[in-house]
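Visitor: model the structure of this input:
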Amino acid sequence: MMREVQLPDERNKDILININGTLYPRDEAKVSVFDSVVQGGDAVWEGLRIYNGKVFMLEEHLDRLVASAKAMAFAEIPTKEEVKAEVFKTLNANKMYDEAHIRLTLTRGKKVTSGMSPHFNQYGPTLIVLAEWKKPVYDNEGIDLITSSIRRNSPQCVDSKIHHNNLINNILAKIEANLAGVADAVMLDVDGFVSETNATNIFFINGENVKTPFADSCLPGITRSNVIKLCDKNNIPIKEKRISIAEMYIADQVFVTGTMGEITPVLKIDGRQIGSGKKGDLTKKIEKLYLQMTKDDGIVIPKY
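Guide: Predicted structure coming up:
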């Protein structure tokens with residue numbers, strides 16, 4: 001018997017999903033049980049957003065996808081042009097030119113038998129282009145956070161520069177946030193300093209000064225990078241530094257960044273009100289600069 005489910009956006013009911021160049025209806029899009037992503041989360045991924053007929057930061061995301069695959073020693077990595085062609089094919093098939101998000105996944109591919117060793121991978125990698133109708137996922141007026149008991153990986157464990165699919169610690173942190181009734185959870189590094197949230201990078205403002213944790217134990221996010229560039233370009237003082245929990249609580253403004261949620265103010269952390277408890281003026285300014293960037297930049301989707 002089919003289970004009744006509620007999709008976050010009913011427009012996604014009939015989407016087409018691209019697996020290794022073939023488009024499948026949503027319910028028929030599947031990978032093998034022998035695929036590396038099923039066997040061990042052995043895959044890399046990117047999240048991309050579509051604005052007004054363009055793919056925002058497409059080249060940057062493809063650079064990171066290929067770099068992550070090289071760091072993981074994948075064989076037969078598709079070229080950026082090959083991946084780009086599949087992205088455009090999927091967007092055109094679904095007629096998605098705005099308000100859409102792409103989950104782009106490259107797995108090590110199907111194995112000849114179950115097991116961890118890449119020696120079993122003889123079919124080449126699996127490329128999945130999952131495009132969905134999706135607006136920014138957070139409340140633009142602000143969200144609350146808690147601090148998770150789950151620590152973010154250090155470079156001694158898994159290098160955060162690899163954008164991989166093994167997200168168990170992030171999921172465990174998200175479960176803690178769900179149980180606490182807040183949007184997400186701040187994750188600390190192994191030394192107890194703020195790293196990021198389970199899904200986003202994080203920024204703090206005191207006075208007119210912006211700061212964000214070093215990208216040692218957190219993903220060097222592309223939205224994070226854009227915020228740093230925008231601050232530098234617009235004479236907004238910004239620096240990367242270690243940030244303690246106490247510094248987090250006494251910030252005047254806090255916001256998080258990511259492709260899924262863009263720029264989102266944080267109003268409370270662990271029950272403590274941040275600043276005025278409302279979106280601050282400098283957060284608004286940075287958000288405005290970022291939204292303008294999403295209008296100006298991007299690779300035009302060729303329609304066919």
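Visitor: pretty sure Pro302 sits against Phe88.
Guide: Yes - using C-beta atoms under 8 Å, Pro302 is in contact with Phe88, at 5.9 Å. The C-beta positions use only the backbone N, C-alpha and C, and glycine is treated the same way.
Visitor: residues contacting the closest residue to Met187 other than its chain neighbours?
Guide: With sequence-adjacent residues excluded and distances taken as C-beta to C-beta, 6 or more residues apart in numbering, Met187 is closest to Arg152, at 4.4 Å. Applying C-beta atoms under 8 Å, 6 or more residues apart in numbering, we find Arg152 in contact with 160, 169, 187-190, 195-196, 217-218.
Visitor: ok, 7 Å please
Guide: Contact analysis of Arg152 by C-beta atoms under 7 Å, 6 or more residues apart in numbering lists 169, 187-189, 195-196, 217-218.
Visitor: do the same with Gly142
Guide: Counting by C-beta under 7 Å, 6+ apart, Gly142 touches 265-267, 279.
Visitor: please redo it, this time with the cut-off set to 10 Å
Guide: When contacts are counted by C-beta atoms under 10 Å, 6 or more residues apart in numbering, Gly142 touches 183, 254-255, 264-268, 274, 277-280, 283.
Visitor: what of Met293?
Guide: Counting by C-beta under 10 Å, 6+ apart, Met293 touches 51, 56-57, 223, 226-227, 229-230, 233.
Visitor: so what does whichever helix or strand Arg49 is part of touch, helix or strand wise?
Guide: Assigned by DSSP states H and E, Arg49 belongs to strand 43-51. Contact analysis of strand 43-51 by 3 or more C-beta pairs under 10 Å, 6 or more residues apart in numbering; DSSP states H and E lists helix 36-40, helix 58-71, helix 80-94, strand 100-107, strand 126-133, helix 222-233, helix 281-296 as its packing neighbours.
Visitor: heading C-terminal from it, find the next helix or strand.
Guide: Per DSSP H and E, the first helix or strand lying C-terminal to strand 43-51 is strand 54-55.
Visitor: now do the strand holding Arg49 against helix 222-233, angle only.
Guide: Angle between the axes of strand 43-51 and helix 222-233 is 60 degrees (criterion: axes from the mean of the first three to the mean of the last three C-alpha atoms, to 10 degrees).
Visitor: state the mean pLDDT of strand 43-51.
Guide: Over the span of strand 43-51, the pLDDT mean works out to 97.
Visitor: can I get it in PDB? Just the C-alpha atoms.
Guide: Taking C-alpha atoms only, strand 43-51 is exported to PDB below (Å, rounded to 0.1, in the frame of the first residue of the first chain):
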ATOM      1  CA  ALA A  43      30.300  10.400  -2.600                       C
ATOM      2  CA  VAL A  44      30.800  14.100  -3.000                       C
ATOM      3  CA  TRP A  45      28.100  16.700  -3.500                       C
ATOM      4  CA  GLU A  46      27.200  20.300  -4.200                       C
ATOM      5  CA  GLY A  47      24.100  22.400  -3.600                       C
ATOM      6  CA  LEU A  48      23.400  25.100  -6.300                       C
ATOM      7  CA  ARG A  49      20.600  27.700  -6.500                       C
ATOM      8  CA  ILE A  50      18.900  29.000  -9.600                       C
ATOM      9  CA  TYR A  51      18.000  32.700  -9.800                       C
END
